[in-house]
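Q: just a sequence and a predicted model for now, questions to come.
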Amino acid sequence: MRKLSLLASVLLLALVILSACGKSSSTLGQQSNQNKNNGYEPVTIRLAYNLPQDHHISIGVENFAKTVTEQSGGKIKIQVYPAGQLLSDKEMNQAILTGGVEMGVNSSTLWASTVPAMGIFDVPYAFPNYELAGKALSGELRGKLNKAMEEKGVKVLMYADYGYAQFANNVRPLKSPEDFKGLKIRSIGDIPSEMIKAYGASPVFLGAGEVYTALQRKTIDGATSGTTAMLQRHYDEVAKYLTINNYSYLEFILAVNKSFWDRLPEKTKNLLSETARQTEQWIREQAKAEDERTAKELEEKGMEIYVVPESDLPKWKEAAKPARDVYIERAGDLGKELLDIVETLN
């Protein structure tokens with residue numbers, strides 16, 4: 001009986017051990033499957049931008065970073081540095097090109113110094129409406145620009161629609177190109193500067209944060225920018241007149257250092273690309289509404305608004321032709337191809 005009791009105890013202990021091993025093996029299997037299903041390798045990505053945090057592009061970029069982190073189960077960590085905390089707009093492109101930062105948002109205007117064809121968005125009146133801009137960025141134009149950027153070492157992940165550029169000044173209403181004569185206008189890039197000169201004014205280069213004081217002290221007479229920025233930077237306090245002529249459709253680019261991008265696992269690339277695609281669409285939908293909202297609010301704050309009639313735009317476009325010619329000269333055959341694509345869509 002004692003032997004039988006001992007044998008039963010041994011058998012019971014063995015069953016307990018086997019059962020525990022089975023459960024342990026099952027748990028490990030489940031964990032392994034979970035890891036396999038997640039499949040994301042840990043990585044930390046620094047993302048810098050310069051726009052105010054309440055700008056619609058900034059909101060989109062912040063949501064992009066949050067979504068990627070959540071969808072990857074925290075494996076892909078995107079550290080966002082907003083409003084110029086890490087890099088100024090003048091420093092951004094070089095930092096991305098050299099890998100000083102993995103990812104960043106900057107204007108197409110500033111990228112045109114690296115890839116001249118990127119100045120297509122600054123060619124006066126090339127994109128007459130929001131719908132055409134979206135259509136152009138969904139086709140051949142996008143592919144050609146992306147290829148040119150990749151040849152320089154940059155992967156374009158997203159085109160973020162800022163909206164149209166306009167003119168503010170504190171001297172007189174600008175109702176025709178001739179009204180620009182003799183004014184000093186803060187410019188946002190080389191091609192817009194050529195247009196300002198063609199209109200008879202003098203372009204002045206200033207950082208976005210310097211414009212308010214320059215207008216206040218009358219060291220400049222006016223400035224070009226989007227109405228979203230004009231409202232956020234309180235142009236209504238230092239400029240009386242706003243001319244809406246939609247001469248340039250401003251784009252901001254979410255760019256990635258290509259060497260860094262090429263080293264990422266395919267699953268990570270797919271998540272970043274898909275989230276960027278969804279974010280780009282959301283930002284595009286906000287651009288028109290934000291342009292309209294901010295222009296109305298500037299008017300409510302006391303700015304006198306003149307909207308150039310559509311029938312007058314051919315005159316404005318013809319007077320700006322020297323800027324278009326400079327773009328073609330700098331961007332070469334690719335620039336001409338891109339203009340042909342856009343004009344075919346018109």
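A: Thanks, I have it. Residues are numbered from 1 along each chain as shown.
Q: what about the closest residue to residue 334 other than its chain neighbours, neighbour count?
A: Counting by Cβ to Cβ, 6 or more residues apart in numbering, residue 334 lies nearest to residue 117, which is 4.5 Å off, once chain neighbours are set aside. Glycine gets a C-beta too; all of them are placed from N, C-alpha and C. If you count neighbours by other Cβ atoms under 10 Å, residue 117 ends up with 25.
Q: next one: residue 78
A: 22.
Q: re earlier: who's in contact with the residue nearest to residue 334?
A: 144, 145, 148, 331, 332, 334, 335, 338 (Cβ atoms under 8 Å, 6 or more residues apart in numbering).
Q: with residue 273 instead?
A: By Cβ under 8 Å, 6+ apart, the neighbours of residue 273 are residue 157.
Q: also the one 3 residues further on?
A: When contacts are counted by Cβ under 8 Å, 6+ apart, residue 276 touches 64, 157, 158, 254.
Q: report the two of the contacts of residue 117 separated the most.
A: 145 and 332 (13.8 Å; Cβ to Cβ).
Q: compare neighbour counts for these two and give me the winner.
A: residue 145 (25 against 12).
Q: the more buried one and residue 104, how far apart?
A: Noted for residue 145: a distance of 17 Å to residue 104, by Cβ to Cβ, to the nearest Å.
Q: before we move on, what about residue 338?
A: The value you get for residue 338 to residue 104, if Cβ to Cβ is used, is 23 Å.
Q: a markdown table for the contacts of residue 117, including secondary structure and distance to residue 43?
A: Shown next, in a markdown table, are those (DSSP: H, G, I helix; E, B strand; the rest coil; distance: Cβ to Cβ, whole Å):
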| residue | secondary structure | distance to residue 43 |
| --- | --- | --- |
| 144 | helix | 30 |
| 145 | helix | 27 |
| 148 | helix | 27 |
| 331 | helix | 35 |
| 332 | helix | 37 |
| 334 | helix | 33 |
| 335 | helix | 36 |
| 338 | helix | 34 |
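Q: can you tell me which of the residues you listed are buried?
A: Listed as buried from those are 144, 145, 148, 331, 334, 335, 338; burial here means 16 or more other Cβ atoms under 10 Å.
Q: out of these, which is nearest to residue 208?
A: residue 145 (24.0 Å).
Q: contacting residues for the closest one?
A: Contacts of residue 145 by Cβ under 8 Å, 6+ apart are 115, 117, 118, 120, 156, 338.
Q: are we agreed that the fifth one is in a strand?
A: Yes: membership of residue 156 in a strand is supported by DSSP: H, G, I helix; E, B strand; the rest coil.
Q: might one say that it is in contact with residue 147?
A: No: applying Cβ atoms under 8 Å, one finds residue 156 not in contact with residue 147, separated by 9.5 Å.
Q: now, which of the contacts of residue 117 sits nearest residue 275?
A: residue 145 (20.6 Å).
Q: how far away is the closest one from residue 271?
A: Residue 145 is 23 Å from residue 271, by Cβ to Cβ.
Q: following the helix or strand bottoming out on mean pLDDT in the chain, which helix or strand shows up next?
A: None of the helices or strands of the chain scores lower by mean pLDDT, DSSP states H and E than helix 2-38, at a mean of 45. Where DSSP states H and E defines the elements, the next helix or strand beyond helix 2-38 is strand 43-48.
Q: on that earlier part again, dump the buried ones among the contacts of residue 117 to TSV, plus pLDDT and distance to residue 57.
A: Below are the buried ones among the contacts of residue 117 laid out as TSV (pLDDT from 0 to 100; distance: Cβ to Cβ, whole Å):
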residue	pLDDT	distance to residue 57
144	98	23
145	98	18
148	98	22
331	97	25
334	97	26
335	97	25
338	98	23
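Q: turn those into JSON lines, including distance to residue 275.
A: Output for these, formatted as JSON lines (distance: Cβ to Cβ, whole Å):
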{"residue": "144", "distance to residue 275": "24"}
{"residue": "145", "distance to residue 275": "21"}
{"residue": "148", "distance to residue 275": "24"}
{"residue": "331", "distance to residue 275": "31"}
{"residue": "334", "distance to residue 275": "29"}
{"residue": "335", "distance to residue 275": "31"}
{"residue": "338", "distance to residue 275": "27"}
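Q: what's near enough to touch residue 249?
A: 121, 126, 127, 130, 133, 161, 163, 164, 165.
Q: restricted to strands, list these.
A: Counting by DSSP state E, these place 161, 163, 164, 165 in strands.
Q: now flag whichever of the residues you listed is closest to residue 320.
A: residue 165 (12.5 Å).
Q: quick one: pLDDT of the nearest residue to the closest one once chain neighbours are set aside?
A: Leaving aside its sequence neighbours, residue 165 sits nearest to residue 248 (Cβ to Cβ, 6+ apart; 4.2 Å). In this model, residue 248 is scored at 96, pLDDT.
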